[in-house]
Every structure is written in structure tokens, then in C-alpha cells.
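K.L.:
just coords:
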């Protein structure tokens, strides 16, 4: 009996996520509606994963107005 292998889950150890520059993320279709927030939050000299950027945007959107 053969064992069927599925796709690895996102939470599995050893999974490597790709990092992207600020310019790549700004050009991504995924962030087209939130370009202004992405441009403000990200530093041009760092690399970010998509998950990290999503978390940063969520935290920013839930922040208190001063």
C-alpha cells in the first residue's frame, strides 16, 4: 500500500519562505490596494517575507489614533 504525500503545511519546520525587497513588494499585485501603507512601513534596505508584511499592516491598522 502506497502512502500519499501531501504538500507540506506552512507551520512545518524546515520550510523556507522567500524574502523580498520593498520595491518588489510594492510592485506585487497582492499589495496594490495598500501601496501607501507598505511604502510607509517598510525600510528600503531590508528584506521581508509576505507573512511579515501582512502582520505589519494588520498591526498598523489596529493601532490607536493619536
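P.N.:
All right, it came through fine. Here the structure is a predicted model, which means the values were calculated and not measured.
K.L.:
ok, then the element right after the one helix or strand residue 25 maps to?
P.N.:
Following DSSP states H and E, one finds residue 25 within helix 22-27. Sequence order places helix 35-41 as the next helix or strand after helix 22-27, per DSSP H and E.
K.L.:
now what about that next one, what contacts it?
P.N.:
With contact meaning C-beta atoms under 8 Å, 6 or more residues apart in numbering, helix 35-41 is reached by 22, 25-26, 31, 53, 56-57, 60-61. From N, CA and C alone the C-beta is placed, and that goes for glycine too.
K.L.:
Just the buried ones out of those, please.
P.N.:
Buried subset of those (neighbour count, 16 or more other C-beta atoms under 10 Å): 22, 25-26, 31, 53.
K.L.:
and the residue nearest to residue 21 when sequence neighbours are not counted, how many neighbours?
P.N.:
Once flanking residues are discounted, residue 21 sits nearest to residue 47: 6.2 Å by C-beta to C-beta, 6 or more residues apart in numbering. For residue 47, the neighbour count with other C-beta atoms under 10 Å is 14.
K.L.:
Tell me which residue is most central in the chain.
P.N.:
residue 50 (1.5 Å; C-alpha atoms, centre = their mean).
K.L.:
wait, residue 53 sits on residue 25?
P.N.:
Yes: using C-beta atoms under 8 Å, residue 53 is in contact with residue 25, at 5.9 Å.
K.L.:
hey, what's in contact with both of the two?
P.N.:
31, 38, 42.
K.L.:
separation between residue 21 and residue 57?
P.N.:
17 Å (C-beta to C-beta, to the nearest Å).
K.L.:
follow-up on the earlier one: of the buried ones among the contacts of helix 35-41, which is the nearest to residue 66?
P.N.:
Residue 66 has its nearest neighbour among these in residue 53, at 23.2 Å by C-beta to C-beta.
K.L.:
my read is that closest one is in a strand, agree?
P.N.:
No: under the criterion used here (DSSP: H, G, I helix; E, B strand; the rest coil), residue 53 is helix, not part of a strand.
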